[in-house]
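Visitor: Sequence and predicted structure below; questions after.
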Amino acid sequence: MRCPRQLKRMLVFCLLFTCLPPAVNAGLEWKTLQKVKLAEQALDVTASFDGKLIFSLTPGAILVYAADENRFIDRIPVAGGFTRIAFSHDERLILSAADPAQLEIIKYDRVYDINIENRPFKGAADAKVTLVVFDDYQ
């Protein structure tokens, strides 16, 4: 007696599934990297794309935390009422509030202090702007 084609396919399908190893459930390993104490209640938190800066929205301010330096580096004052914060491309923070409904977009730039003490310079020592040339790279 010949088996119909559909029955053969069903038998092959059943044999394949009985011979395959059982499905494996994936798990997750995790560990705490840092714990940071906040002086004020955090309403919302976001991070830069590279994860180096963490922005914590508090009532009336954004606390800027440098994860690689393990310290707060700045405080950006904002009007009250904002409850959400999001990071956008090009170093922009987007704040939102529900009542009254509003958005505020903040552009920030990271500023680094460079010690130029005992270095050669031109111009006034107390100039507001200093241009530094790094020409001794090897």
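Guide: Yep, it's here. Numbers count the residues shown, from 1 in each chain.

Visitor: Could you use CA atoms for every contact and neighbour count after this?
Guide: Will do.

Visitor: any idea of the pLDDT on the residue most central in space within the chain?
Guide: By C-alpha atoms, centre = their mean, the chain has its centre lying nearest to residue 47, at 2.5 Å. For residue 47, the pLDDT comes out at 95.

Visitor: Specify the local secondary structure of the residue nearest to it when sequence neighbours are not counted.
Guide: Nearest non-adjacent residue to residue 47, counting by C-alpha to C-alpha, 6 or more residues apart in numbering: residue 54, 4.3 Å away. Classification of residue 54 using DSSP: H, G, I helix; E, B strand; the rest coil returns strand.

Visitor: Make residue 1 into 509 and carry on from there
Guide: All right, first residue 509 from here; so that's residue 562.

Visitor: quick revisit: make sure the residue nearest to the centre of the chain is actually in contact with residue 596.
Guide: No - contact criterion C-alpha atoms under 8 Å: residue 555 and residue 596 do not qualify, at 9.6 Å.

Visitor: Residue 623 and residue 638: what is the separation?
Guide: Taking C-alpha to C-alpha, to the nearest Å as the measure, residue 623 falls 11 Å from residue 638.

Visitor: Compare these two (neighbour count), which wins?
Guide: Legend: neighbour count by other C-alpha atoms under 10 Å for residue 623 and residue 638, higher for residue 638 (14 against 7).

Visitor: Distance from the chain centre to stretch 620-633, please.
Guide: Mean C-alpha position of stretch 620-633 versus that of the full chain (C-alpha atoms, centre = their mean, to the nearest Å) differs by 33 Å.

Visitor: now stretch 613-627
Guide: Counting by C-alpha atoms, centre = their mean, stretch 613-627 comes out at 21 Å from the chain centroid.
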